[in-house]
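>>> How does the following fold in three dimensions:
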Amino acid sequence: MSTQYTLVAPCFFGTESTLHFEVKRLGAQNIQVTDGRVRFEGDAALVAAANINLRTAERVLLLLASYKAATFDELFDGCYRIPWEELLPADAAFPVKGSSLSSQLSSVPACQSVLKKAIVKRMLAGHKTGALPETGETYKVRFALRKNEVEIYLDTSGDGLHKRGYRRNATLAPIKETLAAAIADLGRVRRDSLVQDPFCGSGTLIIEAAQKALNLAPGLRRHFAAEHFAFLPPEIWGQQREAARDAVRRDAAFEGAGYDIDPAAVALAAANAKLAGVGDRCRFAVADVKDFAPQPAAVVLTNPPYGERLGDAAEAASLARTLGQVWQRSPGQGLYAITADVDFEQHFGKKAVRRRKIYNGMIPCQLYMYYEQPKR
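Residues are numbered from 1 along each chain as shown. Okay, here's the model as predicted:
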């Protein structure tokens, strides 16, 4: 019987339902959804599949232990009980990072030190050695303390999963790939969708929509920390990559079109789409939003300039007003706009059918959803 692992995938607040659906599609068991994360279980193959295929997860963490810790002794003892010598080779590098919230052990550096000492003591005894050189592969240890409950993880992803490998550069204040993927899902992008973005920037929303429509796994162009974990079968990565390639829908009829007033952004978006493997499905052009006219079959996904991307609230309001005017003349199949502008509906000139609160990092935003409601 294969070893079963408990995995935790953090995500943006407000995108948990999308990630839950993704995890379920991969065949995960015992799925639990809480604010900003999805917990699930599966075998070693699922560790690889989750990293390669999940679009909206920030990373995939392997949960090693969960216990109460109100004192440093309790923190140390719980960590020491983990069989580190079965997970990490004697020469492994194992940096420890984490967070503490509403806990008696509030000092993160002190917690890091205590946990590091516990791992060292267990490794020295388990490997029957007098030294741990930390010159080998890196195993990133993470911890989270919440109300005196501690969870210890191994980070299987390494770089965050938003780093797909296609966006070498970006425009000012870009939207993260993982958040863009969630918006594409909430915008009901399908394999035959036409998606347009009048403020495309570096093209992330269009590119993520294209990858979703083609079922092109976001992790195919990168590597992950767990590929060198000694306790995981190395063949799972090749097998899951092959399965992901076989699942690509090359016959999808998707088309994407992005526009921006900045020629440098347009050139960057086109380059990014090519690197992402969807250059033949996406086109980008220099255009002002006042000249934008959504096609009748188009779904509009957009992140209107605001805050850091513009700096002038009055100009941002003017752009939202223009967007509302051109869209209401030609509404297509709907518009989904994410922004931190709390007065967006007023500027846009129409109340959204639905709104969803989503945190873009630490910035509270709303996804304003405009579409024709089915008649009863």
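
>>> which residues of the stretch 251-376 of the chain score low on pLDDT?
The stretch 251-376 of the chain contains residues with pLDDT under 70 at 307-311, 374-376.

>>> Provide the secondary structure category for Ala110.
Put simply, Ala110 is helix when judged by DSSP: H, G, I helix; E, B strand; the rest coil.

>>> I'd guessed it sits against Phe76; true?
No. Ala110 is beyond contact range of Phe76, at 11.3 Å (criterion: C-beta atoms under 8 Å). The C-beta positions use only the backbone N, C-alpha and C, and glycine is treated the same way.

>>> Neighbour count for those two, which is higher?
More crowded of Ala110 and Phe76, by other C-beta atoms under 10 Å: Phe76, with 17 against 13.

>>> Next, that one: secondary structure please.
With three-state DSSP as the criterion, Phe76 reads helix.

>>> Tell me who's in contact with it.
By C-beta atoms under 8 Å, 6 or more residues apart in numbering, the contact list for Phe76 reads Val114, Leu115, Lys117, Ala118.

>>> cool, and Glu86?
Gly126, Phe231.

>>> how would you label it: helix, strand or coil?
helix.

>>> Retrieve the pLDDT associated with it.
Glu86 carries a pLDDT value of 97.

>>> what about it, distance to Met123?
When distance is defined by C-beta to C-beta, to the nearest Å, Glu86 is 10 Å away from Met123.

>>> for Leu88, same thing?
Leu88 is 7 Å from Met123, by C-beta to C-beta.

>>> just Ser100 next, same as before
Counting by C-beta to C-beta, the gap from Ser100 to Met123 is 24 Å.

>>> ok, now Arg55?
36 Å.

>>> quick one, which of Leu88 and Met123 is more surrounded?
In this view Leu88 and Met123 are compared by other C-beta under 10 Å, and Leu88 has more residues nearby, 26 against 19.

>>> Just give the nearest non-adjacent residue to the more buried one, would you?
Leaving out its chain neighbours, the residue that sits closest to Leu88 by C-beta to C-beta, 6 or more residues apart in numbering is Tyr139, at 5.2 Å.

>>> next one: Arg191
Distances taken as C-beta to C-beta, 6+ apart place Ala252 nearest to Arg191, at 3.9 Å, with adjacent residues excluded.

>>> neighbours of that neighbour, just the number please.
When neighbours are counted by other C-beta under 10 Å, Ala252 registers 18.

>>> for it, what are its contacts?
Shown in contact with Ala252 (C-beta under 8 Å, 6+ apart): Arg191, Asp192, Ala213, Leu214, Asn215.

>>> again, but for Leu105
Contacts of Leu105 by C-beta under 8 Å, 6+ apart are Ala69, Ala70, Thr71, Phe72, Leu75, Cys111, Leu145, Asn148.

>>> where's the last one relative to Ile119, distance?
I take that to be Asn148. In terms of C-beta to C-beta, Asn148 sits 21 Å off from Ile119.

>>> who's more crowded, those two?
Between Asn148 and Ile119, Ile119 has the larger neighbour count (other C-beta under 10 Å), namely 24 against 17.

>>> Just the pLDDT at that one, thanks.
98.

>>> and if you look at Pro89?
Value for Pro89, per-residue pLDDT: 97.

>>> same question, the one 5 residues further on
Phe94 is assigned a predicted lDDT (pLDDT) of 98.

>>> ok, how many other residues are close to it?
By other C-beta under 10 Å, neighbour count at Phe94 equals 21.

>>> Same check on Glu74?
17.

>>> Would you double-check that Cys79 falls in a helix?
Yes. Membership of Cys79 in a helix is supported by three-state DSSP.

>>> Who are the contact partners of the closest residue to it other than its chain neighbours?
Leaving aside its sequence neighbours, Cys79 sits nearest to Ala118 (C-beta to C-beta, 6+ apart; 3.8 Å). Contacts for Ala118 (C-beta under 8 Å, 6+ apart) come out as Leu75, Phe76, Asp77, Cys79, Tyr80.

>>> run the last query once more with 6 Å
For Ala118, the contacting residues are Phe76, Cys79, Tyr80, by C-beta atoms under 6 Å, 6 or more residues apart in numbering.

>>> what's the answer for Pro296, then?
Counting by C-beta under 6 Å, 6+ apart, Pro296 has contacts Gly332.

>>> how close does it get to Pro331?
From Pro296 across to Pro331, the span is 9 Å (C-beta to C-beta).

>>> shared neighbours of the two, anything?
Contacts common to Pro296 and Pro331, judged by C-beta under 6 Å, 6+ apart, are absent.

>>> what about Gly126, neighbour count?
15.

>>> Report pLDDT for it.
Confidence score, pLDDT, at Gly126: 97.

>>> what's the answer for Leu64, then?
Value listed for Leu64 in the pLDDT field: 98.

>>> how far away is it from Glu58?
Where Glu58 is concerned, Leu64 sits at a distance of 19 Å (C-beta to C-beta).
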